[in-house]
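Q: based on what follows, work out the 3D shape:
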Amino acid sequence: MRRILRDSALLVSLALLGCDDGAPTDAGLDAGAPEPDAAVPPAPVVEPRRPAFDCPAGWEEVLSAASGTRLVGCDPWPESGPADCAADAYQLPGGGGCVPVGSSCPSGGYAAPPVGATVRYVAAGGGPGDGSLASPHGTIAEALAAGASGDVLLLSVGEHAGVELTRDVTLVGACASGTSLTASGGPALRVTAGATIARDLALPQAEVGPGAHLVLEDATLEGDGPTLRIDGADARATLRRARVRGLDAGTVVFARGAAIVSLEAVELRGGGRAIDAADRAEVSVTDSVVGAGADAGQPTDGIYLASGARLTATRVALDRLTRFGVQVDGAGTEATVDHAWIEFVTFGGESGVSVAAVGGASARVTRSSVIDSERTGLAAIGEGSSLVFEDSAIDGVLGTDDAQGHGAFATEGATLTLRRAAILGAEHLGVVASDGGAVRVEDVEVLETVGDVIEGDLGWGLVMLPGSRLEVTRVLVENTHQAGVLASGPGAVGVFEDLDVRRTRRSGDGQGAGIGLVLMGGAEVSVQRARLAENADMSVQVFDPGSVLVMEDARIEQTLPAGCIDDACRAIVGGIGLGVYGGGRAELERFVVSRHESVGLQVAFGSPDGETRYPDPGVLVLRGGLVSQNPTGLNVQSPGFDYAQLDTVRFMDNGENVSATEAPVPRPPPMP
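A: This is a model prediction of the structure:
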């Protein structure tokens, strides 16, 4: 798999700040002192279950390019990737290399006649005949005029004039590479009534009207858009073992008016939009590829559904598309996608999302992979919109020059559900809930955000913004940048069970601290069973009035040391386990805070800008815990701190247990 890096414009940094007066130094309990609740250790975090991809035949398991160790799905292509096949060949996911379309051209010029059928022969460019092999008809129209419903027309090698079909008929070419239908303007094959079967043909366009049915097999369909149009109630089209190409900026497959379309073993490429379905149309895509054509100058959108249309896609590859891979739009519009490989969806001047549900639509994606997208992997936007991503992975989402790269987000009343999923290599933000959006996370890993290694930009893992909600059951956030989990703003609510945040790193330029969990601006977060370990500067940081963190059964361990970042050695404030500042509130029950490079717990006033002190200090409530192996166990710079609560806390093997001396405190990170 392929990875690239882009420049970014934003910086996030933390600065050094002075401190406040407090209570006398070392007012805590030593080892062996009374510990009524500390005898109950915190319950361990339950690890998330990983996706079950269950690779189809011919698809190979593949590891993440971002981590090198995590399985991110099943690649349907050979090691060389998708090929640009010859004009009479195609390549299908899981099928290896290019294979010819349809049958080889027979030596006699016609396909073999089917047993028991009424057969009429048609010779391209011939004169009138009786339809026998010895005296074939000269045109398809002549054969239709002489025949009856249910006839089989065997077409010779050569070019045949296009035709409109109004009754049941079967057209069989000698071979797709040698038998073609042509038309000067409009579709070469128009089916307005009855059921038509056509095979071993090449044609530029086809159209199916209300009540009419078309089965096109072992064929090549290549022309301007709409290349295939299916329009009207009970209009049905099935393409099977076909190569389809759009040659202009139009739509390749266009379905309207409750039409039904089925693509089975089809390579569909090119055009301005691959599939456009609306007005209750139903589309099924199986064992097929939908992608851009060989002409790099003609970008191709993916699959678009609106106005009650429905999509079912199974074992599909979406390859090198622009703007979106699958987008469902509007209430009642639905998509179900299973075993999809969605790779290289690029921005193209607008949108830039691999899978999107907007305007009240719903999408469900299972056992699938989103690889190397630009801007956004998954998006749920708008009231009532729902997107479920299950047993699936995202590996690599890159920003563009003017936009960030997000793994997945929900906004404006939409709901995003991630279940047994992995989000890896998002450049700026892993998973985001914003502006009334809700994200539900169950058994998820958010790993290896990129950040901007040149400018130190973002790289956050899980993000809750004002008015949003994040519900989490079993999540691992590891090797992100600056903030593993961020909750910011009024109405930002997070409910966590089994939260594991490890190795949050600094920004690429070293100016922005690495913090495991950040609350600010009035956000509210509750956590049952947490582990925060080996984060670069702080494990937990709570700022601002109204910000409330409640943690039960928490292990906050081994925050790494601060480091110098300029000539004056103004270090990022670091080495702190948990800090509460500026009116924020943190409550810990059944906890272990240990092995931090500077301070285990800190409560202080703090400052929003490094100069102006907050009017109120933070509030820290402790019930039943252990603080051990820190240079300073608890640093108190809050005059109202309740020291009586330390009767339930055991201090052990600290350089000093409780200190009220001035010590550096951080300021909150700026928002992007």
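Q: and the strands in the stretch 251-400 of the chain, which stretches?
A: In the stretch 251-400 of the chain, the strands defined using DSSP state E, counting those that start in this stretch lie at 251-256, 260-270, 273-277, 282-291, 301-306, 310-319, 324-329, 334-343, 353-358, 362-366, 369-374, 376-381, 386-398.
Q: what residues does the very next helix or strand once past the longest one touch?
A: Scanning forward in sequence from strand 386-398 by DSSP states H and E, the next helix or strand is strand 406-411. Contacts made with strand 406-411 from outside it, assessed by Cβ atoms under 8 Å, 6 or more residues apart in numbering, are listed as 375-381, 385, 387, 389, 394, 397, 416, 418, 423, 426, 428-439, 446, 468. Backbone N, C-alpha and C define where each C-beta goes, glycine included.
Q: what lines up beside strand 406-411 in the sheet?
A: Neighbouring strands of strand 406-411 in its sheet, by DSSP bridges, are strand 376-381 (parallel), strand 429-434 (parallel).
Q: which stretch among these comes nearest residue 513?
A: When those are compared by Cβ to Cβ, strand 429-434 sits nearest residue 513, at 17.2 Å.
Q: packing partners for the helix or strand just after that closest one?
A: Downstream of strand 429-434, the next assigned helix or strand under DSSP H and E is strand 438-447. Using 3 or more Cβ pairs under 8 Å, 6 or more residues apart in numbering; DSSP states H and E, the elements in contact with strand 438-447 are strand 406-411, strand 415-426, strand 429-434, strand 460-464, strand 469-478.
Q: residue 283: which of those is closest?
A: strand 415-426 (23.2 Å).
Q: run the chain-centre distance for that closest one.
A: On the basis of Cα atoms, centre = their mean, to the nearest Å, strand 415-426 sits 7 Å off its chain's mean C-alpha point.
Q: give me the angle between that strand and strand 353-358.
A: If you take axes from the mean of the first three to the mean of the last three Cα atoms, to 10 degrees, strand 415-426 sits at 160 degrees to strand 353-358.
Q: tally of neighbours for residue 139?
A: 18 (other Cβ atoms under 10 Å).
Q: can you list the weak-confidence ranges in the protein?
A: The chain contains residues with pLDDT under 70 at 1-39, 295-297, 452-456, 508-511, 561-573, 670-672.
Q: now do the helices in it.
A: Counting by DSSP state H, one finds helices in the chain at the ranges 140-146.
Q: which residues does stretch 166-174 contact?
A: 102-103, 105-106, 109-111, 114, 117, 140, 144, 147, 149-157, 179-180, 189, 192-202, 219.
Q: and the residue lying closest to residue 99 once chain neighbours are set aside, what does it touch?
A: Closest residue to residue 99 apart from its sequence neighbours, by Cβ to Cβ, 6 or more residues apart in numbering: residue 89 at 6.1 Å. Contact partners of residue 89, counting by Cβ under 8 Å, 6+ apart, are 98-101, 243.
Q: can you give me the distance of residue 89 to residue 246?
A: 18 Å (Cβ to Cβ, to the nearest Å).
Q: in PyMOL, select just the buried ones from the contacts of stretch 166-174.
A: Only the buried entries of the contacts of stretch 166-174 go into this PyMOL selection, using 16 or more other Cβ atoms under 10 Å:
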select buried, resi 102+103+105+109+110+111+140+144+147+151+152+153+154+155+156+157+179+180+189+192+194+195+196+197+198+199+200+201+202+219
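Q: among the contacts of stretch 166-174, which lie within strands?
A: Under the assignment DSSP state E, these contribute 152-155, 179-180, 189, 195-199, 202, 219 to strands.
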